[in-house]
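Visitor: Sequence first, predicted model second:
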Amino acid sequence: MPSLTIDIPLNSTALIHSSRTPNYAINGLRNRHKSMGGNRYRSTSPLGDYGRHRSSPRVLAHYNDDAMGGEENLDELFAKLKEELFKNNTLEEVNEMLREENDAALAANEHLRVDATNLSKQLQQLQQQQHTESMRFRSENTRYRNQMESQHRKLISLWKEFSAVKRQVRDSEIPEF
């Protein structure tokens, strides 16, 4: 049985060594994801740290079940490994894209929260100004109404006095017969 070792360090090409490794398997397995420079979202496997390229459990289980299968099984294994690595890279790209979108959404949410806070403060200030203006208007309206009522009472008082004087003048005149 040919031996199979997978040595996949972080941020490097995948190296697959076997006594019967086809050239397309060695040359075709490369990490195409450019934005995986950091270890920000790095995880480890219970079997050990394989970096960002961990073999699929399905490939490992298939390899363990068919350890005596020969060259056809090895070619199938390499094809499945290549497929799984491609899926892994694709999913990692999607995950990184979603993380970037999540970061952008969180930043936008933070800006919206700050804007909402500022708008709430401005609304409270406007409500306070409106309340102050309303109270000032009521006060002026009350003062104006009181002033008008006072002037009206004075006019009525003057009219009553004028009517009384007019009556006295009429009564004081002696009618001539």
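Guide: Received the coordinates, thanks.

Visitor: quick check, residue 174 in a helix?
Guide: No. Per DSSP: H, G, I helix; E, B strand; the rest coil, residue 174 lies outside any helix segment and is coil.

Visitor: where are the low-confidence patches of the chain?
Guide: 1-70, 175-177 (pLDDT under 70).

Visitor: tell me the strands in it, going along the chain?
Guide: According to DSSP state E, the chain carries its strands in the segments 5-7, 15-17.

Visitor: neighbours around residue 138, how many?
Guide: Counted with other CB atoms under 10 Å, residues neighbouring residue 138 total 10. Any C-beta I mention is one placed from the backbone N, CA and C, and that applies to glycine too.

Visitor: give me every residue that touches it.
Guide: For residue 138, the contact set (CB atoms under 8 Å, 6 or more residues apart in numbering) is empty.

Visitor: Would you mind measuring from it to residue 132?
Guide: 11 Å (CB to CB, to the nearest Å).

Visitor: Give me the common contacts of those two.
Guide: Joint contacts of residue 138 and residue 132 (CB under 8 Å, 6+ apart) do not exist.

Visitor: which residue ranges form the helices in this structure?
Guide: Counting by DSSP state H, the chain has helices at residues 23-28, 57-65, 71-172.

Visitor: how close does residue 132 sit to residue 118?
Guide: 21 Å.
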